[in-house]
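Colleague: no sequence for this one, just the structure:
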């Protein structure tokens, strides 16, 4: 399957946005509609996908790799289902605006429940479970890309994420 690139002339975006054309899943490159000199802030590579998996009719099971460029900040969003993600490399600044995420830190045996609004850092080996309706976003405040591997079980036809308005007061 080909990666789904995201191209914007600025680093504020959501996983749910779309752009045309293929790009390398690990090395962001300019996309056809990107302004000259800009790069993709987030590359979403769908590694595998299955519609109507056993026991989950009307859902789509996806395995995804997200690569988030330095300085990128995602828009608040939800997943129409559940996402389980693990940080492969880099440090993600992770904001929960509303709802509860279940986090397991690298090497830990117990889960940590974080309720929004809150901000935490997720590093290599940390994982997070996000359920439908939980408003959250990530940001790369470092000078190195972040790589996240995720599995999603989402409502078929609704996409992997949906951008929502911020619930945090300005």
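Modeller: Structure received. Predicted model only: the values in this text are computed from it and were never measured.
Colleague: which element follows the worst-scoring helix or strand of the chain on mean pLDDT toward the C-terminus?
Modeller: When each helix and strand of the chain is scored by mean pLDDT, DSSP states H and E, strand 12-13 comes last, with a mean of 37. Tracing the chain C-terminally past strand 12-13 and defining elements by DSSP states H and E, one meets strand 42-51 next.
Colleague: So which elements touch that next one?
Modeller: Applying 3 or more CB pairs under 8 Å, 6 or more residues apart in numbering; DSSP states H and E, we find strand 42-51 packed against strand 4-6, strand 59-68. (C-beta placed from N, C-alpha, C; glycine too.)
Colleague: out of these, which comes closest to residue 112?
Modeller: strand 59-68 (21.5 Å; CB to CB).
Colleague: Can you tell me what sits against the closest one?
Modeller: 15, 25-26, 28, 41-53, 74, 81, 85, 88, 90, 92, 138, 140, 145-156, 160 (CB atoms under 8 Å, 6 or more residues apart in numbering).
Colleague: hmm, try it at 6 Å
Modeller: 25-26, 42-51, 53, 140, 145-154, 156 (CB atoms under 6 Å, 6 or more residues apart in numbering).
Colleague: got any ranges where the protein has weak pLDDT?
Modeller: 1-39, 166-170 (pLDDT under 70).
Colleague: Go again with 80.
Modeller: When residues are selected by pLDDT under 80, those of the chain lie in 1-40, 166-170.
Colleague: Pull out the buried residues from stretch 68-75.
Modeller: 68, 69, 72, 73, 74, 75 (16 or more other CB atoms under 10 Å).
Colleague: Kindly report the same for stretch 103-121.
Modeller: Those would be 103, 104, 114, 116, 120, for stretch 103-121 by 16+ other CB under 10 Å.
Colleague: go on, stretch 42-60?
Modeller: In stretch 42-60, counting by 16+ other CB under 10 Å, buried: 42, 43, 44, 45, 46, 59, 60.
Colleague: Cool, thanks, signing off.
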